[in-house]
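K.L.:
from the sequence below, what's the structure:
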Amino acid sequence: MRNADGKICYLEIPAEQPERAARFYAAVFGWRMRKRGDGATAFDDAIGEVSGAFVTGRPPSRSVGLLLYVMVADITATIERIVSGGGEIVEPPVPEAPEVVARFRDPEGNVLGLYQERSLGPS
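P.N.:
Numbers count the residues shown, from 1 in each chain. Have a look, this model is predicted:
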């Protein structure tokens, strides 16, 4: 992990059912799950650069304000995993757009984005 001033390093994702959220993010993005000392369900992203936890007692981020985008190699395959995992696509990718992006709602109700570099894979 690179430590750098200004680097985004930790996320708190609202989840009424943290175990359900953990299964979803592990299946869709390959995030590694773990239990913290306080019993909370925590995660590390697929490359070990960002960590976080699922937090209860907060409403989900249902509308777009601050929007987190997760980088993926194949947005089409990721969308299939999102839908099969109980999420929904709220804004599909636009094929002719300069950036390959989409937005989805996780099973907890949070809206996040997907980003695929055009050179990383199919769109």
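K.L.:
pick out the residue nearest the middle of this protein.
P.N.:
By Cα atoms, centre = their mean, the chain has its centre lying nearest to Val70, at 5.4 Å.
K.L.:
helix or strand right after the helix or strand harbouring it?
P.N.:
In this structure, Val70 sits in strand 69-71 according to DSSP states H and E. Using DSSP H and E, the helix or strand that follows strand 69-71 in sequence is helix 75-84.
K.L.:
and that following helix, what's buried?
P.N.:
Ile75, Thr78, Ile79, Arg81, Ile82 (16 or more other Cβ atoms under 10 Å). Yep, even glycine has a C-beta here, placed from its N, CA and C like the rest.
K.L.:
for stretch 35-47, same thing?
P.N.:
For stretch 35-47, by 16+ other Cβ under 10 Å, it's Thr41, Ala42, Phe43, Asp45, Ala46.
K.L.:
relative to Arg23, how far out is the residue located most distally from the centre of the chain?
P.N.:
No residue in the chain sits farther from the centre than Glu96, which is 23.8 Å out by Cα atoms, centre = their mean. Distance of Glu96 to Arg23, given as Cβ to Cβ, to the nearest Å: 35 Å.
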